Every structure is written in C-alpha cells, then in structure tokens.
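Asks: Sequence plus the predicted model coming up.
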Amino acid sequence: MTSSPGSGDLRTVRPLAEADIDVLQAIDTRTHGQAWSQRTFLDELDQANRVHIVAEATGEIVGHAAAWTNAVSGRITNVAVAPEHAGRGHATALLLELIDQLVNERQVANLQLEVRPANRRAQRMYRRFGFVPVGIERSFYDRSDERGSTDALVMAVADVCAEPWRQRLGDVHTSHRQVEKERNAGASA
C-alpha cells in the first residue's frame, strides 16, 4: 500500500481489516448519516470482487474507500473521511489508490459511482478525476439528504484506457503530491 506525507503526518493506505469495521461505521455515520451493516463490511473482506482500503494518519483511521468489480467495470461504492480530518487530502489519496488498484491490478475499463446531488464538494473532487454526470438513479439512498432527496447522481469515466484520461489521472497524482509536499513543509516550519 501507499504512504505519503500530509499535514505533518505520514498517511498510510492499506487494505480493510475486520478490526476496522466499528471505526469505519462511526465515520460513515458522521459523514453520510448512516453506515453499512457489519455484514456488508464483512462481505468486503470475503468477496474476491471487492477492493476496500483504509487511510490512517496521526495513529488513527481517518477514512476509507471501497469498490466492486464486475469483469471490466468498476463501481466505487464508498468514499468517506472523518469530518474532523476533511480537507487534508485524505479523500484524494484514497481515490488515487483505489483507482490505481482498479485500473492497474483489476484492469477495469470503465468506472462508475453514485453521489448525492447536494454533495457539491464530492462532485468537484470526482470531476477532477474525470468523472462526468451520466444520469440520475431515483430513490437510490435509504435516507433523504437535507433537501429530502433520496436520488443519486451517477458519474462515470467511460474509458480509463484512453490516453487523455490517463494523462488527467497523472495530473491529479502530480498535483496531489505537490500539495502534500507543501502541506508537509508548512507543518514542519
């Protein structure tokens, strides 16, 4: 897995372990208003078509990201960072590692995810990665957002093998490394 400097800490991204589940459920509840069940998290460990990673910094779990694969398709199913750790590059680091595993190790050709229409911050991040809106999934979420919507905005990258998208992903990597380097230099000054 990966390690990178960030906000004066060393961030580690590693595979999900069963001992992480309670902490991740608490993060999801604070971030999304609800959490996956214990069984769903255990399925993440047991199913060969799942990728689930966890980010640690300052000696604690700060977030996680998950995806399912099906032949050449990858579906990102969760990206969550504890609210008190938001804005420190953890979500970007998680998404970079998750996409790297999906594209390079699992060799998916396309990626999809769902996001709440009201979650503009997440949408901006996904757009940086080249995801574009492709539709609305009606009544996707069990719980309404603050606007009363249970719908999801579906976003996708149709061809991760295309050179323009690969260049875009490389640019996100470069930009993220630079931000991390500057943040780390500022923290140690």
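Replies: Received it, and whenever you're ready, just let me know what you need.
Asks: make it CA atoms for all contacts and neighbour counts henceforth
Replies: OK.
Asks: residue ranges for the helices of the protein, please.
Replies: Shown for the chain, the helices assigned by DSSP state H span residues 21-32, 38-46, 90-100, 120-128, 163-188.
Asks: Highest mean neighbour count out of those helices?
Replies: helix 90-100 (a mean of 22; mean count of other Cα atoms under 10 Å).
Asks: Export the helices of the chain to CSV and append columns for mean pLDDT and distance to residue 56.
Replies: Listed next are these as CSV, based on pLDDT from 0 to 100; distance: least, Cα to Cα, whole Å:
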stretch, mean pLDDT, distance to residue 56
helix 21-32, 95, 11
helix 38-46, 94, 18
helix 90-100, 97, 9
helix 120-128, 95, 20
helix 163-188, 88, 15
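Asks: for those helices, which one sits closest to residue 135?
Replies: Between residue 135 and the helices of the chain, the tightest spacing by Cα to Cα is seen for helix 120-128, at 13.5 Å.
Asks: Contacts only, for residue 157.
Replies: Taking Cα atoms under 8 Å, 6 or more residues apart in numbering, we find residue 157 in contact with 110-112, 130-132.
Asks: One more: residue 51?
Replies: Contacts of residue 51 (Cα under 8 Å, 6+ apart): 15, 44, 66-68, 98, 101-102.
Asks: same question, residue 130
Replies: 157, 165, 168-169.
Asks: cool, and residue 108?
Replies: Taking Cα under 8 Å, 6+ apart as the criterion, residue 108 is in contact with 69, 71-74, 102, 160.
Asks: For residue 32, see how far away the nearest residue to residue 41 once chain neighbours are set aside is.
Replies: Nearest residue to residue 41 in three dimensions, chain neighbours excluded: residue 21, at 6.6 Å (Cα to Cα, 6 or more residues apart in numbering). Look at residue 21 and residue 32: by Cα to Cα, to the nearest Å, they are 15 Å apart.
Asks: beta partners for the residue most central in space within the chain?
Replies: Centre of the chain computed as the mean C-alpha position; nearest residue by Cα atoms, centre = their mean is residue 79, 3.4 Å away. For residue 79, the beta-bridge partners under DSSP bridges are residue 65.
Asks: Quick one: closest of the helices of the chain to residue 83.
Replies: Sorting the helices of the chain by Cα to Cα, the top spot, which is the nearest, belongs to helix 21-32 at 6.4 Å.
Asks: Could you name the helices and strands sitting against the closest one?
Replies: If you count contacts as 3 or more Cα pairs under 8 Å, 6 or more residues apart in numbering; DSSP states H and E, helix 21-32 packs onto strand 60-70, strand 73-81.
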